[in-house]
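> Task: produce atomic coordinates for the following.
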Amino acid sequence: MARPVKCRCICSWPKTTRFLPAGSAEAQEPVTIGLDEYEVFRLLDYVHLSQQQCAARMNISRTTVTRLYEIVRSKIALALVCGRELRIAGGDVVVCENMRPECRDEPLCCHRQPQPLNTD
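Numbering: from 1, shown residues only. Prediction:
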């Protein structure tokens with residue numbers, strides 16, 4: 001029996017949840033990135049945290065961060081190389097209830113921006 005999935009804490013809603021390739025005439029199935037995968041990608045590649053810092057911020061293990069990062073990189077590569085639509089939606093996530101001390105200097109913290117109306 002598999003362990004239950006631990007809810008991942010995110011602190012930043014994506015400003016855009018859909019990316020369309022220009023000039024793509026072929027209708028292909030979109031590539032969907034979960035909110036937890038988006039948050040790992042954002043924290044590692046945009047905010048430049050270490051995997052350990054990312055894990056602590058999201059309340060998950062470092063090995064989970066590594067796994068999510070490999071998955072999201074693969075999905076982004078698929079969308080870019082194959083010219084497929086990229087969507088950000090879903091995932092087993094919880095938004096932090098209050099601004100945490102480590103988010104003090106985080107301009108994209110969800111407590112500084114309104115929650116999106118529709119994330120799917």
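
> CA only for contacts and neighbour counts going forward, please
OK.

> and the longest helix for the protein?
helix 62-82 (DSSP state H).

> So which bits of that helix are buried?
Burial within helix 62-82, assessed by neighbour count using 16 or more other Cα atoms under 10 Å, is assigned to Arg62, Val65, Leu68, Tyr69, Val72, Lys75, Ile76, Leu78, Ala79.

> a markdown table for those residues, including distance to Pro30 and pLDDT?
Shown next, in a markdown table, are the buried residues of helix 62-82 (distance: Cα to Cα, whole Å; pLDDT from 0 to 100):
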| residue | distance to Pro30 | pLDDT |
| --- | --- | --- |
| Arg62 | 28 | 96 |
| Val65 | 24 | 96 |
| Leu68 | 19 | 95 |
| Tyr69 | 19 | 98 |
| Val72 | 14 | 97 |
| Lys75 | 10 | 97 |
| Ile76 | 11 | 97 |
| Leu78 | 10 | 95 |
| Ala79 | 8 | 94 |
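
> circling back to that earlier point, what distance separates the longest helix of the chain from the centre of its chain?
Put simply, helix 62-82 sits 10 Å off its chain's centre (Cα atoms, centre = their mean, to the nearest Å).

> quick one, phi psi at Ile60?
phi -130, psi 170 (degrees, to the nearest 10).

> Nearest residue to it in space, please, no chain neighbours.
In space, and not counting its chain neighbours, Ile60 is closest to Arg8: 6.5 Å by Cα to Cα, 6 or more residues apart in numbering.

> Quick check: that neighbour touching Asp92?
Yes. Here Arg8 lies in contact with Asp92, judged by Cα atoms under 8 Å, at a distance of 6.3 Å.

> Fine by me, we can end here.
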